[in-house]
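[1] Let's see this in three dimensions:
(one chain, ligands or ions: 1)
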Amino acid sequence: MDHVGGLAYYCSQRRFQGMGTGTIICDARIAPAVRGMLDGYHALEQQETPYDIITIEHDQQIKIKNNTSLRGFYTDHTAPSMGYCIVEHRTKLKPEYTDLPQEKLKELKSRGEEITRDLEIPLIAYLGDTAAGPHLVRDDVRKAKIIITECTFFDPGHKGRAKIGKHLHADDIAEWLRVAECEAMVLVHVSRRTHMGEARSQLAQALGGENAERVLFLMDFRSNRERYEKQLAEAGVEPARR
Ligand SMILES: [Zn+2]
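    Just a heads-up that it's a prediction; the model follows:
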């Protein structure tokens, strides 16, 4: 519910605001249940809200705009779960051709020579509910510029709970950050019962002084605002009046 519960509202708001039909990209395994949920709203409201469902399988990708695609991959949770990665595709000259003049390159190309190679730049990786596992260190996750991930437990005594519920614990985040190349890791899914200040200090403890500056809490509005204002000041932009 905390993940798909807003889908009907999303589709209805899109329609309400003249933004067209909502598109839901989802794991093929849960598509029938998602349809059932949306059809339930149809029955409740006695009114049809249109929606499009695009299903994807493990490691399948769909184009979301020129040179950019969304890829889904299985994660590990108590229900079927998928993580996503937004990947930019670029073509680059092969290193052996970089010093050649333009004319020569044209000639090689016209002869059917493959002078470029495809590069993939993972921009954002998103992990919904999941336990730790190999999916956290896939290339398109490990090398993503930004990782948005769940972290549900912070208390050192709650490692068992994290394991049973197939969620991530602050210790998993600390271990992951040693190999993840991201500029920032954004933590979501912190339970309402968790005190933000406590979570922060428990995470700092797990990190042991490493990597703390790369971790942000999505719901930590105060720290995020302070960070944002500092960035504005550094960029020489006046903060907007509140
Ligand atoms: Zn959840």
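[2] quick one: the helices in the chain?
    Under the criterion DSSP state H, the chain contains helices at 7-16, 31-45, 102-110, 139-142, 159-165, 170-177, 196-207, 221-234.
[3] Pick the most deeply packed of these.
    Comparing the helices of the chain on average neighbours per residue, with mean count of other CB atoms under 10 Å, the densest one is helix 170-177 at a mean of 21. For glycine as for every other residue, the C-beta is placed from the backbone atoms N, C-alpha and C.
[4] Just the CA atoms of that one, as PDB, please.
    The C-alpha trace of helix 170-177 is given here as PDB (Å, rounded to 0.1, in the frame of the first residue of the first chain):
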ATOM      1  CA  ALA A 170      21.800   1.200   8.100                       C
ATOM      2  CA  ASP A 171      24.600  -1.300   8.200                       C
ATOM      3  CA  ASP A 172      23.700  -2.500   4.700                       C
ATOM      4  CA  ILE A 173      23.800   1.100   3.500                       C
ATOM      5  CA  ALA A 174      27.300   1.500   5.000                       C
ATOM      6  CA  GLU A 175      28.600  -1.600   3.300                       C
ATOM      7  CA  TRP A 176      27.000  -0.600   0.000                       C
ATOM      8  CA  LEU A 177      28.500   2.900   0.100                       C
END
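[5] want to try JSON lines for the helices of the chain, with distance to residue 213 and mean pLDDT as columns?
    Below are the helices of the chain laid out as JSON lines (distance: least, CB to CB, whole Å; pLDDT from 0 to 100):
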{"stretch": "helix 7-16", "distance to residue 213": "33", "mean pLDDT": "94"}
{"stretch": "helix 31-45", "distance to residue 213": "38", "mean pLDDT": "96"}
{"stretch": "helix 102-110", "distance to residue 213": "43", "mean pLDDT": "89"}
{"stretch": "helix 139-142", "distance to residue 213": "19", "mean pLDDT": "98"}
{"stretch": "helix 159-165", "distance to residue 213": "24", "mean pLDDT": "93"}
{"stretch": "helix 170-177", "distance to residue 213": "11", "mean pLDDT": "95"}
{"stretch": "helix 196-207", "distance to residue 213": "10", "mean pLDDT": "89"}
{"stretch": "helix 221-234", "distance to residue 213": "10", "mean pLDDT": "88"}
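[6] Any figure for the gap between the residue nearest to residue 7 when sequence neighbours are not counted and residue 158?
    Once flanking residues are discounted, residue 7 sits nearest to residue 24: 6.0 Å by CB to CB, 6 or more residues apart in numbering. For residue 24, the distance to residue 158 (CB to CB, to the nearest Å) stands at 33 Å.
[7] can you check residue 44 too?
    Counting by CB to CB - residue 44 and residue 158 are separated by 37 Å.
[8] can you pull the contacts of the residue nearest in space to the middle of the chain?
    Nearest to the mean C-alpha position of the chain, by CA atoms, centre = their mean, lies residue 126 at 1.9 Å. By CB atoms under 8 Å, 6 or more residues apart in numbering, the contact set of residue 126 is 83-85, 147-149.
[9] circling back: wait, the residue nearest to residue 7 touches residue 34, no?
    Yes. Here residue 24 reaches residue 34: they are 6.6 Å apart, a contact under CB atoms under 8 Å.
[10] so what sits against both of the two?
    Residues touching both residue 24 and residue 34 (CB under 8 Å, 6+ apart) are 7, 53.
[11] Any idea how many residues pack against the residue nearest to residue 7?
    17 (other CB atoms under 10 Å).
[12] who does it bridge with?
    Beta-bridge pairing for residue 24 (DSSP bridges): residue 53.
[13] That one and the ion, how far apart?
    For residue 24, the distance to the ion (CB to the ion, to the nearest Å) stands at 17 Å.
[14] Out of the contacts of residue 126, give me the one that has the most neighbours.
    residue 147 (29 neighbours).
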